[in-house]
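>>> Build me a model:
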Amino acid sequence: MDVIVTAGGTKEKIDTVRSITNGSTGRLGSLIAQEFSHRLSAQEHTIYYLCGVGSVLPKTEDPNVRIVPIEGTAQLQSEMYRLLTTQKIDAVVHSMAVSDYTVGCVTAQEQIAEALEEKLSLSPNFPSKHALCGMLEEVFQSNAFNVESKISSELEHPVLVLKKTPKVIGMIKEASPHSVLVGFKLLSGVTEEKLIETAYRLLLKNKCDFVLANDTDTIHDGNHEGYLIDETANFVKCSGKEQIAKTIADRVIKKLSDDVE
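Numbers count the residues shown, from 1 in each chain. Modelled structure (predicted):
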């Protein structure tokens, strides 16, 4: 049995020394990988642990756990696609906190103002919103700094222009329809009903078999509550990262066994 577990967070490069990241430690993902390693010890298996740089690693001496360090979303997408299309991956547990945005370009407030002033002075009429957006995009790109070197720390008003990252979870079932997929949904300060409803929409949209829904308000001081939702919208509540990891491994292995029968 081959399983992919993603964990930790991505880092989106600003320049050669700076990046945008998040606070995900990867601890839950490491526990999930450990649980699969323990459950599958009696059979042939490979666990691909795709993790953000600096993430918590599984505490196991299992030689079949392969650590794959990941930086940005683009690298995650590339490595995930490669594994899904070259290996028979039985399950994917996608717990990684993937950035919603990456850096489109870096410029400065002063450069944008000067470039806009020049462009607007050449226009006989004030441009429409659509034209202004196009103009801004052109200004951003033409005045962007080279991010392959360190951006000067002397800039008074640096401007990061962000762009959406691709939704990696959306390509998993397309690349490997047979793989059991566990997605994750994190919200903040919502009701249990809203949390379950939102997670179930994610499940349907991305053809997940399960989604682990959690709220940031319940993740503190070592506490972590989660709801594992299945395709029928039924769910089981888990308390603590260890129980979440055990429940996910239980359900995934059972589903794979049921599918074989």
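>>> hey, let's count contacts and neighbours off CA atoms from now on
Will do.
>>> ok, residues contacting the helix or strand that contains Leu31?
In this assignment (DSSP states H and E), Leu31 forms part of helix 27-39. Outside helix 27-39, the residues that touch it by Cα atoms under 8 Å, 6 or more residues apart in numbering are 5-8, 47, 49, 55-60, 62, 65, 95-96, 241-242, 245-246, 248-249.
>>> Put the alpha carbons of the lowest-mean-pLDDT helix or strand in the chain into PDB.
Lowest on mean pLDDT, DSSP states H and E among the helices and strands of the chain sits helix 129-142, with a mean of 72. The C-alpha trace of helix 129-142 is given here as PDB (Å, rounded to 0.1, in the frame of the first residue of the first chain):
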ATOM      1  CA  LYS A 129     -12.000  50.600 -14.100                       C
ATOM      2  CA  HIS A 130     -11.200  47.800 -16.500                       C
ATOM      3  CA  ALA A 131      -8.600  49.900 -18.300                       C
ATOM      4  CA  LEU A 132      -7.100  51.100 -15.000                       C
ATOM      5  CA  CYS A 133      -6.700  47.500 -13.800                       C
ATOM      6  CA  GLY A 134      -4.900  46.600 -17.000                       C
ATOM      7  CA  MET A 135      -2.800  49.700 -16.700                       C
ATOM      8  CA  LEU A 136      -1.900  48.700 -13.100                       C
ATOM      9  CA  GLU A 137      -0.900  45.200 -14.200                       C
ATOM     10  CA  GLU A 138       1.300  46.600 -16.800                       C
ATOM     11  CA  VAL A 139       2.900  49.100 -14.400                       C
ATOM     12  CA  PHE A 140       3.500  46.300 -11.800                       C
ATOM     13  CA  GLN A 141       5.200  44.100 -14.300                       C
ATOM     14  CA  SER A 142       7.300  46.800 -15.900                       C
END
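>>> ok now that helix, how far from the chain's centre?
29 Å (Cα atoms, centre = their mean, to the nearest Å).
>>> ditto for stretch 231-251
Worked out by Cα atoms, centre = their mean, stretch 231-251 lies 20 Å from the chain centre.
>>> do stretch 192-211 as well
With Cα atoms, centre = their mean, you get 16 Å for stretch 192-211.
>>> what's in contact with that stretch?
169-170, 173, 180-185, 187, 212-215, 227-231, 233.
>>> Give me the subset of those lying in strands.
Among the contacts of stretch 192-211, the members found in strands (DSSP state E) are 180-185, 187, 212-215, 227-230.
>>> burial of the residue nearest to Phe184 when sequence neighbours are not counted, as a residue count?
Nearest-residue entry for Phe184: Leu212, 4.7 Å, with adjacent residues in sequence omitted and distances by Cα to Cα, 6 or more residues apart in numbering. Residues lying near Leu212 (other Cα atoms under 10 Å) number 28.
>>> List the contacts of Gly8.
24-27, 29, 51-53, 55-56, 95-97.
>>> now swap in Ser149 and tell me
15-16.
>>> Could you dump the contacts of Gly8 into TSV with neighbour count added?
As requested, the contacts of Gly8 are exported to TSV (neighbours: other Cα atoms under 10 Å):
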residue	neighbour count
Ser24	18
Thr25	20
Gly26	24
Arg27	17
Gly29	27
Cys51	28
Gly52	28
Val53	18
Ser55	20
Val56	18
Ser95	25
Met96	23
Ala97	23
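>>> quick one: least confident of those?
The lowest pLDDT within the contacts of Gly8 belongs to Ser24, with 87.
>>> Next one: that residue from Ser142, what distance?
35 Å (Cα to Cα, to the nearest Å).
>>> Of all the residues in the helix holding Leu31, which ones are buried?
27-37 (16 or more other Cα atoms under 10 Å).
>>> repeat for stretch 247-261
Those would be 247-249, 251-253, 256, for stretch 247-261 by 16+ other Cα under 10 Å.
>>> Give me the subset of these lying in strands.
Per DSSP E, the buried residues of stretch 247-261 never map to strands.
>>> so which of these comes closest to Ile14?
Ile248 (35.3 Å; Cα to Cα).
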